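Chemist: Kindly return the folded structure for what I paste below:
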Amino acid sequence: MNKYIVIKDYQSCYPDPIVLKKDEEVVYGKEDTQYPNWIFCKSVTSEKEGWVPKQILTLPDLYSHAKVLQDYSAHELTVKKGELLRGFKNLNDWTYCETSAGEKGWIPTDHIAINR
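Modeler: Predicted structure coming up:
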């Protein structure tokens, strides 16, 4: 686990994020051009849409359906410059972090720096 400091404000773009359970089925959509390896998916169960890391999806079948290989939440953090975060995982230019208030979510990696 790393400690980070926010170097640029970030506002969450998705107030109602997609949340998926292992083995849940999704419609496999387009890949993000700004952040490669993020796939826009739609849950077959809840019909919520959002970005999912390609690494946790099976290959899509003929109907563009894929399964999720692990539990996942697309929750993004809204943070201000100077905030301190604990980081758990870096994936596809995003980092999964926790705020001092205990909120967990994703933030673009270029918005944070290692805090020594």
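
Chemist: Which residues are in contact with the residue nearest to the spatial centre of the chain?
Modeler: Centroid-nearest residue in the chain: Ala74, 4.2 Å away (criterion: Cα atoms, centre = their mean). Ala74 makes contact with 14, 17-19, 50-52, 106, according to Cβ atoms under 8 Å, 6 or more residues apart in numbering. Heads up, the C-betas are built off the backbone N, CA and C, glycines and all.

Chemist: try 6 Å
Modeler: Residues near Ala74 by Cβ atoms under 6 Å, 6 or more residues apart in numbering: 17-18, 50-51.

Chemist: Tell me which of the residues you listed fall in strands.
Modeler: Judged by DSSP state E, strands contain the following of the contacts of Ala74: 50-51.

Chemist: wait, which of the contacts of Ala74 is closest to Leu85?
Modeler: Ranked by distance to Leu85 (Cβ to Cβ), those are led by Pro17 at 17.9 Å.

Chemist: What is the neighbour count of that closest one?
Modeler: Around Pro17 there are 19 other residues, counting by other Cβ atoms under 10 Å.
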